[in-house]
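[1] the sequence and its predicted three-dimensional model are supplied below.
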Amino acid sequence: MLFFVSYGCQSVASGQHVEVDPEVHASPGDSVVLPCKAIAGGTELTRVSWTYEDGGDRINIAVFHPTYGASFPDSPLRGRVSFTQGTLEDSSIEISNVKMSDEGLYTCEYAHYPSGNVQGTTKLIVQERPTSQPPTVTAGLSTSAVSRGPCMPIEMEVQAFPMGSVILRCNVLQAEALKVTQVTWLYEAKGGERASIAVFHPTFGQSFPDFPQFKGRLRFTQATLEESAIEITSMARSDEGKFICQFSTYPSGTLESTTTLTMRAPPIPCLQ
């Protein structure tokens, strides 16, 4: 038996979005399809990865790159997860022999250039099936970490003064072996929403997605696939938050590190 649900959309800048199903149900022993399609909106799709989260850290489970192909990093789903199409436009995955422990959040994340990373998340709910009901293949479609690995920030916390400037750095070890394909910086305000603010791709170069808060105040001071550094000028108290550096890699998936930025009161001038 095959089930489908209706579409919905998680829109982002310039018309890009990821189509996933918010919730899919399965029973132990089933095969389940988790759909994921990208609407590029005039941007370049450079890589896609799937991660699994059961309440703790995100685990990379599947990666597709147009040059290197499909990869399935070590995870509890290895050997049971596969791409149904294996293209950048349709990166749906199928999980076979579903287990109760497979329940959790599955995130499909596309690396775009020049707009950065866009993602959609599906919640997989696994329930025992009545004994009279045969196994099913479940699918749906609508719209909607990541491993820390060898990726690290130079500083986990940084402080800055109003109207000053700050440089945020991160690097990845063994970049050549990991086949890093793109570096993306994201900003997460106190509300928890993430937005891509800076992107580096070895072929397409540097990009600064349209994010009004940092417009004209952000630049790369170092832009390679091994090391990345961005500078923010004319700092304001509203710039406080988390800055996430993401390396899109093959075959390991997305590696990320986070630097927390806090603002300090301006120094009091000394009187002579």
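    Alright, I've got the coordinates.

[2] after the helix or strand bottoming out on mean pLDDT in the chain comes which helix or strand?
    When each helix and strand of the chain is scored by mean pLDDT, DSSP states H and E, strand 2-3 comes last, with a mean of 32. As assigned by DSSP states H and E, the chain's next helix or strand after strand 2-3 is strand 17-20.

[3] list the contacts of D54.
    Residues counted as contacts of D54 (Cβ atoms under 8 Å, 6 or more residues apart in numbering) are 101, 103-105. Where you see a C-beta, it was placed from the backbone N, CA and C, and this is true even at glycine.

[4] which one of the residues you listed is nearest R217?
    L105 (33.7 Å; Cβ to Cβ).

[5] now that closest one. Nearest residue, chain neighbours left out?
    Distances taken as Cβ to Cβ, 6 or more residues apart in numbering place E53 nearest to L105, at 4.5 Å, with adjacent residues excluded.

[6] that neighbour reaches D102, doesn't it?
    No. Counting by Cβ atoms under 8 Å, E53 stays clear of D102, with 11.7 Å between them.

[7] so which of the two has more stuff around it?
    A direct count of neighbours by other Cβ atoms under 10 Å for E53 and D102 places D102 higher, at 21 against 16.

[8] list the beta-bridge partners for the residue nearest to the more buried one when sequence neighbours are not counted.
    Using Cβ to Cβ, 6+ apart and skipping the chain neighbours, the partner closest in space to D102 is V126 (5.8 Å). Per DSSP bridges, the residues bridged to V126 are A26.

[9] equivalent analysis for A229, please.
    A229 has these beta-bridge partners by DSSP bridges: R169, Q222.

[10] okay, now it: neighbour count?
    So A229, with other Cβ under 10 Å, has 18 neighbours.

[11] for V32, see how far away it is.
    Distance, A229 to V32, using Cβ to Cβ, to the nearest Å: 42 Å.

[12] do the same with I167
    I167 is 45 Å from V32, by Cβ to Cβ.

[13] more neighbours: the two, which one.
    In terms of neighbours (other Cβ under 10 Å), V32 is the more surrounded of I167 and V32; the figures are 24 against 15.

[14] for the more buried one, what is the enclosing helix or strand?
    Using DSSP H and E, V32 maps to strand 31-34.

[15] give me the contacts around the next helix or strand after that strand.
    For strand 31-34, the following helix or strand on the C-terminal side (DSSP H and E) is strand 36-39. Contacts to strand 36-39, defined as Cβ under 8 Å, 6+ apart, come from residues 15-20, 45, 48, 50, 88-93, 108, 110, 118, 120, 122, 141.

[16] for ChimeraX, what selects the buried ones among those residues?
    Command for ChimeraX that selects the buried part of those, burial taken from 16 or more other Cβ atoms under 10 Å:
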select :16,17,18,19,20,45,48,50,88,91,92,93,108,110,118,120,122,141
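
[17] any idea how far G79 is from the most centrally placed residue in the chain?
    The C-alpha lying nearest the average C-alpha coordinate of the chain belongs to E109 (Cα atoms, centre = their mean; 4.8 Å). Distance, E109 to G79, by Cβ to Cβ: 22 Å.

[18] quick one: contacts for the closest residue to E109 other than its chain neighbours?
    The shortest distance from E109 to any non-neighbouring residue, by Cβ to Cβ, 6+ apart, is to Q119 (4.0 Å). Residues near Q119 by Cβ under 8 Å, 6+ apart: 18, 107-110, 144.

[19] any buried residues in stretch 61-79, and which?
    Buried, per 16+ other Cβ under 10 Å, within stretch 61-79: 61-65, 70-73, 75, 77.

[20] outside of it, which residues touch it?
    46-52, 59-60, 81-83, 86-88, 91, 93, 95, 101-102, 106, 147, 179, 181, 249-253.

[21] is E157 in contact with T260, as I believe?
    Yes. Applying Cβ under 8 Å, one finds E157 in contact with T260, separated by 4.9 Å.

[22] who has more neighbours, the two?
    T260 (15 against 10).

[23] hmm, that one is touching V166, no?
    No. Using Cβ under 8 Å, T260 is not in contact with V166, being 11.9 Å away.

[24] can you give me the helices for the stretch 51-200 of the chain?
    Shown for the stretch 51-200 of the chain, the helices assigned by DSSP state H, counting those that start in this stretch span residues 175-178.

[25] alright, that wraps it up for me.
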